[in-house]
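**Student:** got a structure for you, letters missing:
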């Protein structure tokens with residue numbers, strides 16, 4: 001998602017299935033991470049288009065975007081399965097997550113992008 005003097009963000013950088021509406025959230029995290037990397041590079045006197053600097057952004061964002069992509073693909077397949085047994089399994093799974101606060105909170109934090117290294121801008125702090 002980066003090259004010399006180029007960094008892609010959001011839908012330009014990732015193909016995320018729209019099933020869970022996570023594309024815009026991933027894009028916001030991309031922008032916040034890129035801003036933080038560029039500001040830090042500027043503070044260090046680095047060229048903001050340097051591939052080594054931009055690769056920091058790419059490495060930072062790779063795990064989050066991969067996890068969101070895997071999760072949305074899994075949801076697409078799970079909710080695309082036909083039949084009564086699949087319906088029962090989905091209902092059981094959703095009900096279980098809803099009734100187990102620790103599990104529910106984990107899924108919600110993941111969906112909000114609050115795990116791992118979160119860009120300062122998303123906490124309302126200056127980059």
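**Tutor:** Received the coordinates, thanks. Computed from a predicted model, the values in this text were never measured in an experiment.
**Student:** how are the helices of the protein distributed by residue range?
**Tutor:** Assigned by DSSP state H, the chain shows helices spanning 23-43, 51-80, 84-99, 101-112.
**Student:** so which of those comes closest to residue 125?
**Tutor:** helix 23-43 (9.5 Å; Cβ to Cβ). Backbone N, C-alpha and C define where each C-beta goes, glycine included.
**Student:** what's the offset of that closest one from the middle of its chain?
**Tutor:** 12 Å (Cα atoms, centre = their mean, to the nearest Å).
**Student:** before we move on, what about stretch 49-66?
**Tutor:** That offset, for stretch 49-66, works out to 13 Å (Cα atoms, centre = their mean).
**Student:** which residues are contacting it?
**Tutor:** 1-7, 13-14, 16, 26, 29-30, 33-34, 37-38, 41, 46-47, 113, 116-117 (Cβ atoms under 8 Å, 6 or more residues apart in numbering).
**Student:** give me the buried subset of the residues you listed.
**Tutor:** 1-2, 7, 13-14, 16, 26, 29-30, 33-34, 37-38, 41, 113 (16 or more other Cβ atoms under 10 Å).
**Student:** can you name the two of the residues you listed that sit furthest apart?
**Tutor:** Applying Cβ to Cβ across the buried ones among the contacts of stretch 49-66, the maximum distance is between 16 and 41, 26.7 Å.
**Student:** look at the closest residue to residue 10 other than its chain neighbours and report its pLDDT.
**Tutor:** Nearest non-adjacent residue to residue 10, counting by Cβ to Cβ, 6 or more residues apart in numbering: residue 27, 3.0 Å away. pLDDT for residue 27: 93.
**Student:** and what of residue 19?
**Tutor:** pLDDT, residue 19: 77.
**Student:** neighbours around it, how many?
**Tutor:** If you count neighbours by other Cβ atoms under 10 Å, residue 19 ends up with 16.
**Student:** wait, what's in contact with it?
**Tutor:** Neighbouring residues of residue 19 by Cβ under 8 Å, 6+ apart: 72, 75-76, 79.
**Student:** may I ask which of those residues has the most neighbours?
**Tutor:** That'd be residue 72 among these, by other Cβ under 10 Å, with 20 neighbours.
**Student:** that one against residue 16, yeah?
**Tutor:** Yes: the pair residue 72 / residue 16 is scored as a contact, 5.7 Å apart, by Cβ atoms under 8 Å.
**Student:** please consider this matter closed, and thank you.
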